[in-house]
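Q: Kindly return the folded structure for what I paste below:
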Amino acid sequence: MLARLSFFFLSVFVCLPFASSLYEDQAGLNDFHVQNIGKPTSLLFHPDPHKRRLFFATDLNVIGALDSKHGTILWRHSLGNEEINAIEYSGRFLASLSGRGKIVRVWNAADGTLVWDQSTQSETDDSRRDMKFSIRFTDVNGGDAEELIVATGNMVQMYSASNGRKMWEWKSKKNNVKDLEILHSDAKSLHVVAVDSNKVDREPMLAKISTKDGSSLSDFGKAIEGATKCDSLSSNYAGILACLQSSAGSVHFFKAETGKRWTSSVATQGSNEAISVELLKNHEMMIVRYVNQAAVLASLDANAVKVFHTFEGQPGSLISYGSDKNGDVLVAQAQPTSKGLELKSFHLKTQEVVTHEFPSSIWSKEENGGIEMMAMNPYVRKDGSGGLRVLMLSENYAMTLFQQGSVLWERHESLAYISETEMVDLPLPALSHNELLDENVINSLNPISRLVRRCIADLSDLIDFILKSPQLQTGPSTRQRAAWDGVGVSLQHDMSGDRFGFNKILVFITAPGMVVGMHSQTGKIVWKKFYGNDAILERFFLTKATSPDGKLECLVLGRSKQNSGHTFVAWLQPLTGAEISRKVLPVKTVQASLVPLLTEKHAYMVMLMDSARKVHLLPDTAKTREAFSKRSSRIVLYLVDKERSAIDGYGIREMRGEVIWTVAFPKGEKLLTLSAQRMNEAIRSAGRVLGNRAVLLKYLNKNLLAVATGTQERNERVGQADPVVRVYLIDTVIGAIVHTASHKDATGPVEIVQSENVVIYTLWNNKKQRNEMAVLELYENTKKEILTAGEMMMYNDSKTTYTSHGLDKPRVLSQTYITHTAVKTMAVAHTMHGITTKNVIAALASDQILSIDKKLLDPRRPVGKPSPDDMEEGLMPYSPFLPVMPTAVLSYNRTILQLRKIVVAPARIESTCLMVAVGADVFFSRVTPAKAFDCLGDDFNYASLVLSTLALALLSWAVSWFQAKRELAQAWK
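A: Numbering: from 1, shown residues only. Have a look, this model is predicted:
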């Protein structure tokens, strides 16, 4: 009785600590989120440096603010497809003009909340991409309330900055105006400058408007007398307009407030022709730039202007300016050099030039490219001396803030433009007992010696594992360089693989030409390589994914910038970013694919087809050609021609591609999207066991291509054309269409994903006005009956190879479901052995990531009450709606901005796969479709397990002792 009570209370004690939940402090343990903003198009520092605000607008249509001290995002908003044309800051507000001047918004500058937004109803020419727009805060009434002036198209509007009320609107009677810019405003009038759209020469025109009621005081007329052509126009907040005439070597000025006009000859200084003039916004000074990239800072005096400083012309240099709270002007010049970067700043008040040099380890033209943008933030120190912060945008989309002679922070915005993604396994550390697996060692030792050495080796591995655990790392860990690391990244990052396969290097190919390696555990950049000076990168192939010595290999493919008709090729070590070799092929590549044939270095080949349909191999050696020629008759590749709405299949003969089949879609059908099968996907079973123990044999075709098209079909009943979406399943070896699905009154966008015998795609139902997700399951049309598990296993073994020439058309089961939101892209959660449920990972329109249970997307879900066989199979009753369970949202409370692609890779345990989602942001997480059934959770109570084991052992000993004592007592009776 005592033993039973002890076991009962012990069981209760063990069960108490366990719970299944996710707490707020657990967010981020198994995932990371890298937030980006994109390439800035506008940058505004807060006038008060102590506010630490840097307002921005980017080409991804993102507006927000950064902490200028740390570079972190304070707030941001994505405006979707609305291009941000201009931003302006004043006091509490940040104003933005977007959508080609059609939408004006005012934001709270502190926290980014939207104060108001209005439509300008502007009639701008959307075909012109070079149009300029202008917004400016002004104080017309002299009170605390400010007004916002918007110049767009051929109209000017004034709004109340606090509530968005439109105060007045002025529209020019002339339709030949463009590039409106607010020149000057006061309590009485407003001056607006524009150029004549009917003339090639940029002759400025000026209009005057009453700020009280928006009445026209004068319509657009000639602004500057004597200036028949303006090569460069600039204005400042004082209402001064400057017009540069390079041929005449003069700058013409006009001051709106007084109507004064004058001319300067500063543009003739130097031996080179001036190309641009820029007025300082808050000062009556200008910067004139010359052909040789030299520049002068000069006054605006008539005739005899004063030159304050001359900047020497250097290739790739860039000049910017700013002023501190005392009004002191600083002008800086950034210049790439052979040693790194040189930053010169000129202080107008003290006439002092300060030079800071940064080594190539911090900034170099080879790793950063050229300088695209600069923004300055002069400030006054506590001792009264002047300080300077310079924000620089490089060609590789890196934003770097320099303060005095050091780098304050850096943001890698190239991660907002990821085009290719691959996950690379980190090598596992060699264990102490690995030598015991050697056959020579086994033969040289007797069994007792092997047992002793193995116990010692296991104990050594256990001690090493405990000492390296994060819980025992109290100080900075001392890392040793890995044998495969020739660069030294293993000294700065934990580059050891783990037994579960969670530690990986995420390799990204980006649009600006950056190749980036990121650690999957920390989200930190391990290495980066810039190719933007030489090529436009397009493809990435992991040619050697595993190696005992850790020396892996990948290939980067792109178009050469020196000759767009040539192909750029570079081989890299994906763990360190070290370049192995590079070359330029004098061919234009139209198709590239990985060939499952190994070279003498145990790496896969890459096959290229050029515009002349000639086939090239990488690497191109005698052995690779010989190996390829033996298998070339079995290789088929296809090219998609969207202009012809056709797909051509090519066979290989004598290293040249020949068309062996063509699928031409009906006239008027446009290709929307394509999806191919994943080549390395693990397939556990070739059949599906039903509730009555019968088996449906899966139609498994690795060469299946899903193609979605859109067209218009005439509806005779209503007498008009209705949109139609068709999905074709094409065998890319023989060019046969194995199935076609048609959806009437439906449009795109369409997203497709394939896995084994399942095809899932999304579309928009135009008639019902809803998003839908359709699923197709393909099964073989066979009369063979498989009734036992043994027969099923034998059938699986017989299906290790597949041929398209021996497959009949499949039997297709289909069903359609309603989704509550649009889906941007999809992926399938595939694991190491393919046993775990293959859930669908969907990127929602809300930039969230949802894991959809495959059981919900089963076309065999019964309509009505399930039969006993359906219940035995585990089929759920059909419901047209796909539920969105909050616990199935993988991104929980995070928003992955502008999410566009999801990549999944298996871990080394069956329950888990790894997912990386890319858009403007990067999000990485572990996915467990069937929970982590093969490993203990991070919150597992090891102490309770040890105590329970010890208590049970002690209790067993006590019971045995009492039992022995009792038996002894009975024996004496």
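Q: how far is the longest helix anywhere in the chain from where the chain is centred?
A: In the chain, assigned by DSSP state H, the helix with the most residues is helix 942-971. Taking CA atoms, centre = their mean, to the nearest Å, the mean C-alpha location of helix 942-971 is offset from the chain mean by 60 Å.
Q: For it, which helices and strands make contact with it?
A: Contacts defined by 3 or more CB pairs under 8 Å, 6 or more residues apart in numbering; DSSP states H and E place helix 942-971 against helix 2-15. All C-beta spots, glycine's among them, are computed from the backbone N, C-alpha and C.
Q: model confidence over the helix it packs on, on average?
A: The pLDDT scores in helix 2-15 average 41.
Q: Just the residues contacting the helix or strand Thr762 falls within, thanks.
A: Here Thr762, judged by DSSP states H and E, is contained in strand 758-765. With contacts defined as CB atoms under 8 Å, 6 or more residues apart in numbering, strand 758-765 is touched by 675, 706, 708, 725, 727, 729, 743, 745-754, 770-778, 819, 822-823, 826, 838, 840, 854, 857.
Q: rerun that using 6 Å as the cut-off
A: Where contact means CB atoms under 6 Å, 6 or more residues apart in numbering, the residues beyond strand 758-765 that reach it are 706, 725, 727, 743, 746-747, 750-753, 772-777, 823, 840.
Q: cool, stretch 217-226 as well?
A: 172-174, 177, 204-208, 210, 243, 252, 254.
Q: Do you have the strands of the stretch 251-400 of the chain handy? List them.
A: Counting by DSSP state E, counting those that start in this stretch, the stretch 251-400 of the chain has strands at residues 261-264, 274-279, 285-290, 295-299, 307-311, 318-323, 329-336, 340-347, 352-359, 371-380, 386-394, 398-403.
Q: In TSV: the ones you listed, plus mean pLDDT and mean neighbour count.
A: TSV is the format used below for the strands of the stretch 251-400 of the chain (pLDDT from 0 to 100; neighbours: other CB atoms under 10 Å):
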stretch	mean pLDDT	mean neighbour count
strand 261-264	85	18
strand 274-279	89	21
strand 285-290	90	22
strand 295-299	88	21
strand 307-311	89	16
strand 318-323	91	21
strand 329-336	92	23
strand 340-347	92	20
strand 352-359	91	14
strand 371-380	91	19
strand 386-394	91	22
strand 398-403	94	22
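Q: Now do the end-to-end distance for stretch 821-834.
A: 29 Å (CA to CA, to the nearest Å).
Q: thinking again about what came up before, quick one: name whatever helix or strand follows the strand holding Thr762.
A: Following strand 758-765 toward the C-terminus (DSSP H and E): strand 770-779.
Q: which strands and helices sit next to that following strand?
A: Here strand 770-779 touches strand 758-765, strand 811-819, going by 3 or more CB pairs under 6 Å, 6 or more residues apart in numbering; DSSP states H and E.
Q: which of these is buried the deepest?
A: strand 758-765 (a mean of 22; mean count of other CB atoms under 10 Å).
Q: what about it, average pLDDT?
A: In the prediction, strand 758-765 has an average pLDDT of 96.
Q: likewise stretch 738-746?
A: Averaging pLDDT along stretch 738-746 yields 94.
Q: Need the residues that contact stretch 484-493.
A: Residues outside stretch 484-493 that contact it (CB under 6 Å, 6+ apart) are 479, 481-482, 519, 526-527, 549-551, 576, 578.
Q: so how far is it off the chain centroid?
A: Distance, stretch centre to chain centre, for stretch 484-493: 26 Å (CA atoms, centre = their mean).
Q: rewinding a little: what about the helices and strands packed on strand 770-779, which gets the closest to Ala511?
A: Closest to Ala511 of the helices and strands packed on strand 770-779 is strand 758-765 (CB to CB; 25.8 Å).
Q: so Gly513 makes contact with Tyr531?
A: Yes. Counting by CB atoms under 6 Å, Gly513 touches Tyr531, with 4.6 Å between them.
Q: joint contacts of those two?
A: With CB under 6 Å, 6+ apart, Gly513 and Tyr531 have common neighbours Leu537.
Q: Which one of the contacts of stretch 217-226 sits in the busiest neighbourhood?
A: Cys243 (27 neighbours; other CB atoms under 10 Å).
Q: Contacts only, for that one.
A: 204, 224, 227, 230, 233, 252.
Q: Turn the strands of the stretch 251-400 of the chain into a markdown table, columns for distance to Ala888.
A: A markdown table is the format used below for the strands of the stretch 251-400 of the chain (distance: least, CB to CB, whole Å):
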| stretch | distance to Ala888 |
| --- | --- |
| strand 261-264 | 68 |
| strand 274-279 | 54 |
| strand 285-290 | 57 |
| strand 295-299 | 58 |
| strand 307-311 | 59 |
| strand 318-323 | 49 |
| strand 329-336 | 49 |
| strand 340-347 | 48 |
| strand 352-359 | 48 |
| strand 371-380 | 42 |
| strand 386-394 | 39 |
| strand 398-403 | 36 |
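Q: what comes up buried for stretch 35-49?
A: Across stretch 35-49, burial judged by 16 or more other CB atoms under 10 Å covers 35-46, 49.
Q: where in the stretch 101-250 of the chain is pLDDT low?
A: 125-130, 142-145, 197-202, 225-228 (pLDDT under 70).
Q: just the strands in it please.
A: 103-108, 114-119, 134-138, 147-152, 155-160, 166-171, 177-185, 189-196, 204-210, 216-222, 232-235, 240-245, 250-255.
Q: Compare these and give me the one nearest Leu572.
A: Across the strands of the stretch 101-250 of the chain, closest to Leu572 is strand 103-108 (CB to CB), at 42.4 Å.
Q: Pull up the pairing partners for that closest one, direction included.
A: strand 93-98 (antiparallel), strand 114-119 (antiparallel) (DSSP bridges).
Q: Let me see the confidence value for His412.
A: Per-residue pLDDT puts His412 at 96.
Q: His616 too?
A: At His616, the model reports a pLDDT of 94.
Q: next one: Thr782
A: 67.
Q: now swap in the one 3 residues further on and tell me
A: Turning to Glu785, the model gives it a pLDDT of 50.
Q: same check, this time on the one 4 residues further on
A: We have a pLDDT of 48 for Ala789.
Q: same thing with Asn692?
A: Reported pLDDT for Asn692: 86.
Q: Mind putting the buried residues of stretch 35-49 into JSON lines with distance to Val192, secondary structure and pLDDT?
A: Shown next, in JSON lines, are these (distance: CB to CB, whole Å; DSSP: H, G, I helix; E, B strand; the rest coil; pLDDT from 0 to 100):
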{"residue": "Gln35", "distance to Val192": "38", "secondary structure": "coil", "pLDDT": "96"}
{"residue": "Asn36", "distance to Val192": "36", "secondary structure": "coil", "pLDDT": "96"}
{"residue": "Ile37", "distance to Val192": "31", "secondary structure": "coil", "pLDDT": "96"}
{"residue": "Gly38", "distance to Val192": "31", "secondary structure": "coil", "pLDDT": "95"}
{"residue": "Lys39", "distance to Val192": "30", "secondary structure": "coil", "pLDDT": "96"}
{"residue": "Pro40", "distance to Val192": "27", "secondary structure": "strand", "pLDDT": "96"}
{"residue": "Thr41", "distance to Val192": "23", "secondary structure": "strand", "pLDDT": "95"}
{"residue": "Ser42", "distance to Val192": "20", "secondary structure": "strand", "pLDDT": "94"}
{"residue": "Leu43", "distance to Val192": "25", "secondary structure": "strand", "pLDDT": "95"}
{"residue": "Leu44", "distance to Val192": "22", "secondary structure": "strand", "pLDDT": "94"}
{"residue": "Phe45", "distance to Val192": "27", "secondary structure": "strand", "pLDDT": "93"}
{"residue": "His46", "distance to Val192": "27", "secondary structure": "coil", "pLDDT": "91"}
{"residue": "Pro49", "distance to Val192": "32", "secondary structure": "helix", "pLDDT": "81"}
